[in-house]
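Peer 1: everything below, folded, please.
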Amino acid sequence: MLYALRSFVRLSWIGRVAAVPVFVAVLFLALSVAGVFLPPCLGAQASPAPAHEAGQTQCPPSAILDIPLTSTIQARVVGTMDPGRLKVGKEVWVKVENGLVYPACTLNAGAAIYGRVTAAVAGKSPTPSELSLAFDRADCEGHPKQAMPLRLIGLIGPEEMSLRMHDIVPTPMKGAQRSSPNAAQATAFRDDKLNPGGPPETVHIGVVLGLPKLQLDYEGGPGCSARIFSPESGLQLVPGSELILIVQSTP
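Peer 2: The predicted structure is shown next:
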C-alpha cells in the first residue's frame, strides 16, 4: 500500500513538471498573438521604413520606361509652384500645350489639367526640399474637370523649353517654311534630349531638362504621386516650365 502511494505521488509530480513547458508554450503563443511581444529570433522581422516613407503605398515599377512622344501630354506651368506656399490638398493646374484625343476625353490646346499637392517640404538651406503632385482631372471638351488619372513623367525648365520651341517649331525663312532636313535635325535634337541614348521619339520616365537642381521620382510621393525634390532649399516650378504627363492605364 505504501509503495503504491509513493508511485502515485511520483507520477503526479512528473505530470506537473511535464505540464510546465506546455503551459509556458501556450502562454507564450497567446501573448504573441495579442501583440505583447515577439522576440526577433522568431519569425521574420520587418525592417523599419525610413521616416519619409512610413505608410507609403508600395508602387509597382513601370513595365515601360520609354514612352512614345505622341502618347504624352505637354502642359505649361502658369503659376509658380512653391512648396513654401503650397499646402497638402491645395489644388494646382497647368495648361495643355498640345491637343490630344483620348477615349471619352478630347483635350484641346489651352485646356486645364488639375491636380493636388500631396506633400510639400520647403526647408531652409541646406535642408532638402520637395513637392509631390497628383493630377487626376482635366477640362475635356464639353466635360469640365472630368476625372482623368494622369502621371507626371518629365519636367522641362522655361529656358530649355524656349530653346526647344525655337529649334522645333517651323518658322518663316524668306517666305518659306523651314526645310525638311532642318526640321528632321530639330526633331532629333528633341528626342535626344528627352531620352538620351534611348529609342527615337520617346520620353524616358523621370527626365528633367533645364532644371539642374531638381530630380523627379514619378511615383515616389504619397499614394504613388509624382515627387519632385532637390538636395537644396528653394525648389520652385516657375511659369513657362513644362510638365510631361501620360494618361494612367487602369486595370
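Peer 1: low-confidence ranges, the stretch 51-200 of the chain, go.
Peer 2: 51-57, 161-191 (pLDDT under 70).
Peer 1: how about 90 then?
Peer 2: Where the stretch 51-200 of the chain drops to pLDDT under 90, the residues are 51-64, 98-100, 102-104, 123-127, 159-193, 196-197, 200.
Peer 1: what segments of it are strands?
Peer 2: Using DSSP state E, counting those that start in this stretch, the strands of the stretch 51-200 of the chain run over 66-68, 73-77, 91-96, 100-102, 105-107, 112-121, 129-140, 143-147, 150-156.
Peer 1: in CSV: these, plus distance to Ile244 and mean neighbour count.
Peer 2: Just so you know, the C-beta spots here come from the backbone N, C-alpha and C atoms, and that holds for glycine as well. Putting those into CSV (distance: least, Cβ to Cβ, whole Å; neighbours: other Cβ atoms under 10 Å) gives the following:
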stretch, distance to Ile244, mean neighbour count
strand 66-68, 8, 17
strand 73-77, 6, 22
strand 91-96, 11, 18
strand 100-102, 12, 13
strand 105-107, 14, 18
strand 112-121, 12, 20
strand 129-140, 11, 22
strand 143-147, 20, 13
strand 150-156, 3, 23
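Peer 1: can I get those in a markdown table with distance to Pro239?
Peer 2: As requested, those are arranged in a markdown table below (distance: least, Cβ to Cβ, whole Å):
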| stretch | distance to Pro239 |
| --- | --- |
| strand 66-68 | 25 |
| strand 73-77 | 6 |
| strand 91-96 | 10 |
| strand 100-102 | 22 |
| strand 105-107 | 20 |
| strand 112-121 | 15 |
| strand 129-140 | 15 |
| strand 143-147 | 22 |
| strand 150-156 | 13 |
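Peer 1: looking at these, which is nearest to Pro200?
Peer 2: Among the strands of the stretch 51-200 of the chain, the nearest to Pro200 by Cβ to Cβ is strand 66-68 (9.9 Å).
Peer 1: understood, closing this out.
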